[in-house]
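Chemist: Predicted model follows, preceded by the sequence.
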Amino acid sequence: MGISRAFIYGDLLIETVAIIDGKIRFAPLHFKRLTQGAAVLNFQLPDNWSLEYFTQLLATQCPGTNMRARLITSRSGNGFYVSNTNEVTFHVDYWTLSKPKTVVNEAGIFTDQLKACTSLSNLKSGNALMHVLASQHAAAMGWDEALVLNTNKRIAEATSSNVFWIKNGVIHTTPLSEAPVAGVMREALIAHLQKQGLSVTENVLDTATLLDADECFFTNSLNPVVSVKKVQSKTYATELTDVLRKEFIKERL
């Protein structure tokens, strides 16, 4: 086509991973998410596709032991909306891994666009216009982050993170049916908290519920537990969030 399908149609999946001391953090979860996303998009993965294939794909060209890597999996071939093949091409970019963010001083709510509640919304794909616009709006408003609403006008996620909130000692996060990206750290943290015997529930999150919460934090694979200090006029405590972050460091999740 001259210009790749990935560029024209956003026909791709993205896995952004942290490589720490030469090891891919949450490699099985990233592999599982990519495999599931490929099935949704009818991607034809290599016949020998496996966790080992996935890790070698990221490791063979990695220029260091502590890196941020972005694996792009895109549909190959020519054609317009219908490609002449469902086989895929892989591309990996690397950056030096930065110190994880621990605090968002202020987040706001982006209301100009709404995210559809479909299975496509759970994919980490090349269709990120919603998050581009939300991030631009946050920058214009002087916020560190923006919260994205779904078509039910409830909070789905932040621009690059899943949202958790705490009320009366109970930790909550939005279910996948509310249109957040199926975050790898979200899944890992839920499993860890449940293993520790802490109560974790999936609930819808409207603005009133968020502003009534005791604490709020964001998670993604590069920034595992990020305290949110303020949303609109609400200022949050960070006591349990700080404990969770210290546990993460100790357990090296």
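Modeler: Thanks, I have the structure now. Numbering: from 1, shown residues only.
Chemist: Next, the buried residues of stretch 92-99.
Modeler: For stretch 92-99, the neighbour count (16 or more other C-beta atoms under 10 Å) marks 92, 97 as buried. To be clear about C-beta, it is placed using only N, CA and C from the backbone, and glycine gets the same treatment.
Chemist: CA atoms of that stretch as PDB?
Modeler: Written as PDB, here are the backbone C-alpha positions of stretch 92-99 (Å, rounded to 0.1, in the frame of the first residue of the first chain):
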ATOM      1  CA  VAL A  92      10.300  -3.200  18.900                       C
ATOM      2  CA  ASP A  93      11.500   0.200  20.300                       C
ATOM      3  CA  TYR A  94      13.600   0.700  23.400                       C
ATOM      4  CA  TRP A  95      14.300   3.500  25.800                       C
ATOM      5  CA  THR A  96      16.200   3.600  29.100                       C
ATOM      6  CA  LEU A  97      13.800   2.800  31.900                       C
ATOM      7  CA  SER A  98      13.000   5.800  34.000                       C
ATOM      8  CA  LYS A  99      12.300   5.800  37.700                       C
END
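Chemist: for it, the distance to its chain's centre please.
Modeler: Averaging C-alpha positions (C-alpha atoms, centre = their mean, to the nearest Å) puts stretch 92-99 16 Å from its chain's average.
Chemist: mean confidence for it?
Modeler: Across stretch 92-99, the average pLDDT comes to 95.
Chemist: what do you get for stretch 133-152?
Modeler: Computed over stretch 133-152, the average pLDDT equals 98.
Chemist: now do stretch 56-72
Modeler: 94.
Chemist: Counting neighbours, what do you get for the closest residue to T219 other than its chain neighbours?
Modeler: Ranked by C-beta to C-beta, 6 or more residues apart in numbering and with sequence neighbours excluded, the top spatial neighbour of T219 is M185, at 4.4 Å. Neighbours of M185 under the rule other C-beta atoms under 10 Å: 24.
Chemist: Same question for the helix or strand of the chain with the lowest mean pLDDT: list its buried residues.
Modeler: When each helix and strand of the chain is scored by mean pLDDT, DSSP states H and E, helix 239-251 comes last, with a mean of 83. Residues of helix 239-251 classed as buried: 241, 244-245, 247-248 (neighbour count, 16+ other C-beta under 10 Å).
Chemist: Just give me the closest of these to S74.
Modeler: Checking the buried residues of helix 239-251 against S74 by C-beta to C-beta gives F248 as the nearest, at 32.2 Å.
Chemist: G77: which of the buried residues of helix 239-251 is nearest?
Modeler: F248 (41.5 Å).
Chemist: just to revisit the earlier point, any chance of the buried residues of helix 239-251 in a markdown table, with distance to V132 too?
Modeler: What follows is the buried residues of helix 239-251, written out as a markdown table (distance: C-beta to C-beta, whole Å):
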| residue | distance to V132 |
| --- | --- |
| T241 | 28 |
| L244 | 30 |
| R245 | 28 |
| E247 | 33 |
| F248 | 29 |
